[in-house]
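Novice: Would you be able to build a 3D model of this:
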Amino acid sequence: MPQIIVLPHQELCPEGAAIDAKPGVSICETLLQNDIDIEHACDQACACTTCHVIVREGFNSLNTAEDKEEDLLDKAWGLEPKSRLSCQAIVADQDLVVEIPKYSINMAKEGMPKPKP
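Specialist: Got it, this is the predicted structure:
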């Protein structure tokens, strides 16, 4: 069974994580099932960029990004050549190393305290 290595992220996964991943399941769904609360404002419908990740290792083992995902990625904060929307990136049989960017385009996160007037 492949693993997803999540690099440390200050808010979502401060220590980083190594989690077992089921082939055929998206990176986003796998992270959510393992208590890594990655943003997914469009409920994994490929309609936003909040679940953007950078695949540091194993990028070529993922399914090919479709045009809609590529178009949305152009709007993602911190876009890199190996960026994917985690809701569209399907795990295959190879280990992955992913980085969740520090920021997302979603300025109003659920659960965040409201700014004081």
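
Novice: alpha carbons only for contacts and neighbour counts from here, please
Specialist: OK.

Novice: Could you point out the longest strand of the chain?
Specialist: As assigned by DSSP state E, the longest strand anywhere in the chain is strand 52-57.

Novice: where along this protein do the strands fall?
Specialist: 3-6, 17-20, 52-57, 83-85, 96-99.

Novice: packing partners for the last one?
Specialist: Just to be clear, that refers to strand 96-99. Under the contact criterion of 3 or more C-alpha pairs under 8 Å, 6 or more residues apart in numbering; DSSP states H and E, strand 96-99 touches strand 3-6, strand 52-57.

Novice: and it, which strands flank it?
Specialist: Sheet partners assigned to strand 96-99 using DSSP bridges are listed as strand 3-6 (parallel), strand 52-57 (antiparallel).

Novice: what comes into contact with that strand?
Specialist: Strand 96-99 is contacted from outside by 2-9, 53-59, using C-alpha atoms under 8 Å, 6 or more residues apart in numbering.

Novice: again, only this time at 10 Å
Specialist: For strand 96-99, contacts defined as C-alpha atoms under 10 Å, 6 or more residues apart in numbering pick out 2-9, 16-19, 21, 27, 52-62, 82-84, 86.

Novice: ok, now the fourth one?
Specialist: Strand 83-85 is contacted by residues 26-28, 40, 44, 46-56, 59, 62, 64-65, 69-70, 72-74, 76, 89, 98-101 when judged by C-alpha under 10 Å, 6+ apart.

Novice: Look up phi and psi at the closest residue to Ala92 other than its chain neighbours.
Specialist: Nearest residue to Ala92, sequence neighbours excluded (C-alpha to C-alpha, 6 or more residues apart in numbering): Pro23, at 4.7 Å. Main-chain dihedrals, Pro23, degrees, to the nearest 10: phi -60, psi 140.
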